[in-house]
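Participant: what follows is a predicted protein model with its sequence.
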Amino acid sequence: PPEKPEDMALVARATSIPVATGERLTTKYEFARVLECRAASILQMALGRVGGIMEAKKIAAMAESYYAQIAPHLYAGPVEGAANIHFAASLPNFLILESIETWGGFHSQILKKPMGWQEGYVILPTEPGLGIELNEEVALANPYTGTKLHLEMTNHPVR
């Protein structure tokens, strides 16, 4: 488990398959422990959990010094998805962008201009900021109706 990087390191040393982790970690200090223990060679931070693009860039820079790669964790919608795309494009140690969505349906309708793709590759937007603009009419017509936001976290960061 990522809460015990020393134990993860035992697994990492016992296999030739790269170990990935990070989607539940929230601080650069937690990622530093994973890297120092050599518990994983692929870090999958979630931008919404680590404090955004700037903090994720700090984690990615640490990872580069350990020859670890970055595979940003799947996104929580097209805004975080756009942030992941820009983040990934800025990294020398980017591996792959994890996703469970295809950017079709609601995820393309809520954007005034859908994200561009060509032969499996994303085309970086040229518009300012994240390069997206939300279609507020579509957003208002599709309010969140769930009862839970899945914000389960530990009370204290891993030390």
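Facilitator: Structure received.

Participant: contacts, neighbours, all on C-alpha from now
Facilitator: Fine.

Participant: what about S65, neighbour count?
Facilitator: Counted with other Cα atoms under 10 Å, the neighbours of S65 add up to 10.

Participant: how about it, phi and psi?
Facilitator: With angles defined as degrees, to the nearest 10, S65 sits at phi -70, psi -10.

Participant: next: I85.
Facilitator: phi -60, psi -50.

Participant: what number of residues are in the vicinity of it?
Facilitator: 18.

Participant: same check, this time on the one 4 residues further on
Facilitator: Summarising burial for A89: neighbours were counted as other Cα under 10 Å, giving 13.

Participant: now do the contacts for I53.
Facilitator: For I53, the contact set (Cα atoms under 8 Å, 6 or more residues apart in numbering) comprises 47, 83, 87.

Participant: which of those has the largest number of neighbours?
Facilitator: L47 (25 neighbours).

Participant: can you give me the helices in the protein?
Facilitator: Using DSSP state H, the helices of the chain run over 5-13, 28-36, 47-50, 53-65, 78-89, 106-109, 136-141.
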